[in-house]
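> what's the 3D shape of this:
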Amino acid sequence: MSHALRITVPLLLILYGIASVGGLKVPFRPKDILPALPRQVAWPLLNSFHNAVDLLPLFVGAPGVNNSADWKGACFYKNDAWMEFTTSNGSELGGGVLHIKTSKAHSWTCMDLYVFVTPYRVTWDYYFISRDHTLKIEEWEGAEELEYVKKNGMSIFLMPSGMLGTLLALWDILPLFSNTGWGQSANIAFLKKHMQASFEHRPKPWVSNINQSDIHSGDFLAISKIRGRWGGFETLEKWVTGAYAGHTAVCLRDAEGKLWVGESGHENEKGEDVIAVIPWEEWLDEQQKDVSNPHVALLPLHSDLRAKFNATAAWAYVLDMSGKPYGYHNMIFSWIDTLTDNYPPPLDSHLVVSVMTIWNRMQPDYAANMWNEALNKRLGTNLLTIPEKDDWFYSDGKSTTCIAFILEMYKEAGLFDPISSSIQVTEFTIRDAYMLRFFDDNITNLPSWCNENDEETSDQF
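Reported below is the predicted structural model:
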């Protein structure tokens, strides 16, 4: 360690202790000045203070006509906000002024970063001085926005790690989508930290000699990617749903005994995600060539359910759905069932709804596909908590995610009998599905190639 490091690190620790005693306001806190220090000192300490989850805003209040808001910020420990509606700008609807009073900063160098949201606008601001601040709305987008704000207020979200922490969180989360060893390491670290997942590194060669004759109709394929665009998306999906897989498919044999794979979310020649049935060899070859390094787990049906499986009815359903779009319409509704209990901290319903608002403005076509049609079916209700119905039709037909497609096929094949009519499979997450008592959990019943040469596997972990 250099002489500068020997001096800097103890000094930071002393300052951190001073700043933590008795609420004493000091000129600065250590993490406020870390960026100005040598990189070999700053980055390890900054990374210990912040992580990818710090990128998520924290809902602090929604001031409107009859309500104000107060909260403790990351920099300013006392904050008050209230909305003033104005009519002096010549507009028929008028405008508004959001007042935010900040005080009791923990140091002279910190600042708070905020995002302000209604269903019709998104804006942001930052504050580093203790005083009364104002956010002016010159004119409401329409009568709908005015009525919404009067009734529900303007949502205020605090970026709890401030400007620096938010940038560092971006630095942590962007690698999740990198199709490199760096990206894979970032995804593994995220899952270890936030889901307590464990990964056992297996030695090469990662090869399994799969005997197709051991795979039967109805056997379940759980797929997990931990690098690249879909790897990053699946990591976040796993975190919010609690699943340890991010995609699924199902095996089927035809009347001649040929093995096929049914999948909702298969990319066709046009780059569209559709429902497809493809030969096993073609599907497996795609997985082996996929640069996102997919890990595939085979879950055989329990022998009792295999005997019950109606292959004719299953094939009729699969062929009827083949070529239809992936079920984006009900994707988030399999995850959200309650007002408050489906969100890993620091997520909450305010944040989810506001992200939907932001996405509506950024990608209106994508938002229409993801939730607008589904929300329209829930008008007049607690929108996010109303169960999805398997028989709902959307503008492009029935909507089934990868897991809903498989479970609907199981319904048609009789696996949910005699309670099939009371099951809504579009409400299931991947985690819900692989926890069903449908799959053989007796290791002695697994194919011999699953148990022999365990050190040789097609997966790295």
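
> can you show me the strands along the stretch 1-150 of the chain?
Per DSSP state E, counting those that start in this stretch, the stretch 1-150 of the chain carries strands over the ranges 58-61, 69-71, 76-86, 95-105, 112-118, 121-127, 132-137.

> distance from the last one to the middle of the chain?
Okay, so that is strand 132-137. When distances are taken as CA atoms, centre = their mean, to the nearest Å, strand 132-137 is centred 33 Å away from the chain's centroid.

> listing partners with orientation, what would you give for that strand?
Here strand 132-137 has these sheet partners by DSSP bridges: strand 95-105 (antiparallel).

> now do the buried residues in the strand it pairs with.
Buried residues in strand 95-105, counted by 16 or more other CB atoms under 10 Å: 95-96, 98, 100-102, 105. Bear in mind the C-beta positions are built from the backbone N, C-alpha and C, glycine included.

> quick one, it and strand 121-127 angle?
30 degrees (axes from the mean of the first three to the mean of the last three CA atoms, to 10 degrees).

> centre of the chain to strand 95-105, how far?
The gap between where strand 95-105 is centred and where its chain is centred comes out at 32 Å by CA atoms, centre = their mean.

> picking up where we left off before, can I get the strands of the stretch 1-150 of the chain in CSV with mean pLDDT and distance to residue 188?
Output for the strands of the stretch 1-150 of the chain, formatted as CSV (pLDDT from 0 to 100; distance: least, CB to CB, whole Å):
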stretch, mean pLDDT, distance to residue 188
strand 58-61, 87, 27
strand 69-71, 95, 35
strand 76-86, 95, 37
strand 95-105, 95, 38
strand 112-118, 89, 29
strand 121-127, 88, 32
strand 132-137, 95, 41
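
> wait, which of those is closest to residue 441?
Closest of these to residue 441 is strand 58-61, at 40.5 Å (criterion: CB to CB).

> packing partners for that closest one?
Contact partners of strand 58-61 among helices and strands, from 3 or more CB pairs under 8 Å, 6 or more residues apart in numbering; DSSP states H and E: strand 69-71, strand 155-159, helix 349-362.

> ok, of those, where does mean pLDDT dip lowest?
Among the helices and strands packed on strand 58-61, helix 349-362 carries the lowest mean pLDDT, a mean of 64.

> just list whatever residues bridge to the closest residue to residue 439 other than its chain neighbours.
Leaving out its chain neighbours, the residue that sits closest to residue 439 by CB to CB, 6 or more residues apart in numbering is residue 299, at 4.3 Å. Beta bridges link residue 299 to residue 220, judged by DSSP bridges.

> was I right about residue 299 contacting residue 434?
Yes. The pair residue 299 and residue 434 passes the contact test of CB atoms under 8 Å, sitting 6.4 Å apart.

> poorly predicted segments of the stretch 201-350 of the chain, please.
Regions of the stretch 201-350 of the chain meeting the criterion pLDDT under 70 cover residues 203-208, 333-334, 336-340, 343, 345-346, 348-350.

> do you have the strands of it handy? List them.
Secondary structure of the stretch 201-350 of the chain (DSSP E, counting those that start in this stretch): strands at 220-224, 247-253, 259-267, 273-279, 295-299.

> just the pLDDT for residue 145.
In this model, residue 145 is scored at 89, pLDDT.

> next one: phi and psi at the closest residue to it other than its chain neighbours?
In this structure, residue 145 finds its nearest non-sequential neighbour in residue 120, 4.1 Å apart by CB to CB, 6+ apart. Main-chain dihedrals, residue 120, degrees, to the nearest 10: phi -120, psi -10.

> contacting residues around residue 120?
Each residue near residue 120 by CB atoms under 8 Å, 6 or more residues apart in numbering is listed here: 140-142, 144-145, 148.

> who wins on neighbours among the residues you listed?
When neighbours are counted by other CB atoms under 10 Å, residue 140 leads the contacts of residue 120 with 23 neighbours.

> distance check, that one against residue 63.
Counting by CB to CB, to the nearest Å, the gap from residue 140 to residue 63 is 15 Å.

> what do you get for residue 244?
Residue 244 is 41 Å from residue 63, by CB to CB.

> the two: who's more crowded?
A side-by-side neighbour count of residue 244 and residue 63, using other CB under 10 Å, places residue 63 first with 22 against 15.

> now the residue lying closest to residue 388 once chain neighbours are set aside: how far from residue 144?
Among residues not flanking residue 388 along the chain, residue 426 sits closest, at 4.0 Å (CB to CB, 6+ apart). In this view, residue 426 and residue 144 are 30 Å apart by CB to CB.
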